[in-house]
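Engineer: Fold the following.
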Amino acid sequence: MGQIGQVYPPGKFVAQSAYSYPNPFGQLIGTWSGLALSSKPFITVSAVGEAETGIINGGADFGPDTPGTQTCGIQEAWDYAFSTAKPYPIEGSGNYWMKPILLLEGVFIIKQKIVLSPSIRIVNPKMIGMGTMSTYVYWDFNDNCIEIDHTNGNIRYSSIEIGYMQPQAGSNVGAGTAFFAANYVSSDPSYQTNVFQSYDLDFSNQFSGNAMLSLTGFQKIILYNPQAYSGGVYGALYTENTRYVSVLGGYMWGQPYAFYVNNVESLVIYGSNTGGAGGVLSNVDYVYIDNYDVADELQINGNVGYIHLDNVNASFNVTLLNTQSSSAVTIDKLKIDRLHVTAGTFTLLGSNLITINRILIESRDIASGATAVLPTTSIQGATTSGLVYMWFTEYEESYKKLIINLASYENDTSTNQTLNFPLPFRYNAIIVANNTGLTITASLTGITITSPNNTSQYTGIVIVEGD
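Structural biologist: I've put the predicted structure just below:
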């Protein structure tokens, strides 16, 4: 019977090991397979053991045959990585480098929470799998699967990397849980010092917990190609008190939200499909989403500085922005580069508790039969017959431009008609163009059309500019 870390002849090792299959790491693993654990630049963990392969832990360094393990050897691999870390090559820094942990192919059955709590300062915690369709990590207890001890200051000013695997949660995993959790609070020594990066995490099964990742109090979070199809209440990510969050590629869907972001300086989602599943934004300085197919509302639960949506698509009755708050919230600026409504009614705001100080919609494409209900637009009836359409093409703090279209306007009474703007001007409102043939004046809140007192119908454009 083999022993953990024992050196095997290369031929026998490759023929019988759990990872003798084509994979991007195959040549690397084969090259180092004949060395003892202490000599290798990485630590391997196998999902299968002696019962399946005839070799302890399938020839890997850790696995289901690791004595006393409840984590298929993963906890023990982390503990070993911490205990054998080498000093960072800057004298006096007090930092250490650990060997990366490589989870091999298979389903890792985790029976108790994995806790990361090193006794020395580790700057490069890293665990990767063989790919989202090769490495599975399954847990079925009501807690986080992997958790950093937030009170431990020895993962500080670190870059934490997790990737290339598929988490799977059992039916006993309940509310408030996550696959990977690191929730720092302001009193912790590592609060807002760490960077978290994930690569190709694919969470596709039903999950009644909080999110795939629960990360609070970070300096920066970067998710590369996260795939969360049913990743808990908040999909791919729950984060608070973090400076910068970036999501690059992937697909995010939750039950019912794609993400939860509170007290964050910047959220950038680029090249991802959120599925329009919505998300929760609260106290965020800057938000950029490059493509948003609206299916559910973005919940604005606290003030947001600037929301920039590059491409917004709607194909049925949907609302873009709403709030779960019982108090008023403010968006200082909303910019939509392209708005496409192909069917149904698109409503920008679902609550009068939301105030948007500045709105800019660069271009809009509203299909025939579809409707866009925007706070910057209105349709009002003329006194006798006809319609008056109004829309702001720009609504900035220092500059506003309003287009007014009179369509077959008729007023055969002796009373002038006053119509309110969709939104008010602040200091000045000046009519710079009027080809309607009517006498029209402007105030900060609306226009007054002097009655022609006849049955003629007037059609034309009025342009109002100001601040």
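Engineer: what's near enough to touch residue 327?
Structural biologist: Residues counted as contacts of residue 327 (CB atoms under 8 Å, 6 or more residues apart in numbering) are residue 353. (Each C-beta comes from the backbone N, C-alpha and C, glycine too.)
Engineer: would it count as being in a helix?
Structural biologist: No: under DSSP: H, G, I helix; E, B strand; the rest coil, residue 327 falls outside any helix and is assigned coil.
Engineer: measure it to residue 300 for me?
Structural biologist: Per CB to CB, to the nearest Å, residue 327 is found 11 Å from residue 300.
Engineer: Ok, residue 398 next?
Structural biologist: 24 Å.
Engineer: More neighbours: those two, which one.
Structural biologist: Between residue 398 and residue 300, counting by other CB atoms under 10 Å, residue 300 is the more crowded of the two (27 against 8).
Engineer: Hmm, residue 329 and the more buried one touching each other?
Structural biologist: Yes: here residue 300 reaches residue 329: they are 5.2 Å apart, a contact under CB atoms under 8 Å.
Engineer: so what's residue 137 bridging to?
Structural biologist: residue 108, residue 167 (DSSP bridges).
Engineer: which residues touch stretch 77-97?
Structural biologist: Against stretch 77-97 from outside (CB under 8 Å, 6+ apart): 37-38, 43, 45, 61-62, 98-101, 114, 116, 118-124, 127, 157.
Engineer: Show me just the buried residues among the residues you listed.
Structural biologist: 37, 43, 45, 61-62, 98-99, 101, 114, 116, 118, 121-124, 127 (16 or more other CB atoms under 10 Å).
Engineer: Just give me the residue closest to the centre of this protein.
Structural biologist: In the chain, the C-alpha nearest the mean C-alpha coordinate belongs to residue 259, at 4.9 Å (CA atoms, centre = their mean).
Engineer: which residues does the nearest residue to that residue once chain neighbours are set aside form a beta bridge with?
Structural biologist: For residue 259, ignoring the flanking residues on the chain, the nearest one in space by CB to CB, 6 or more residues apart in numbering is residue 279 at 4.2 Å. Beta-bridge partners of residue 279, counted by DSSP bridges, are residue 298.
Engineer: Check which helix or strand residue 319 maps to.
Structural biologist: strand 318-322 (DSSP states H and E).
Engineer: Quickly run through the sheet partners of the helix or strand following that strand, with directions.
Structural biologist: Sequence-wise, the next helix or strand downstream of strand 318-322 (DSSP H and E) is strand 329-341. Using DSSP bridges, strand 329-341 pairs in its sheet with strand 304-314 (parallel), strand 354-366 (parallel).
Engineer: Any buried residues in strand 329-341, and which?
Structural biologist: 329, 331, 333, 334, 335, 336, 339, 340, 341.
Engineer: Go through the residues you listed and say which is closest to residue 106.
Structural biologist: residue 340 (44.5 Å; CB to CB).
Engineer: The residue nearest to the centre of the chain and residue 238 touch, don't they?
Structural biologist: Yes: look at residue 259 against residue 238 with CB under 8 Å: they come within range, at 7.5 Å.
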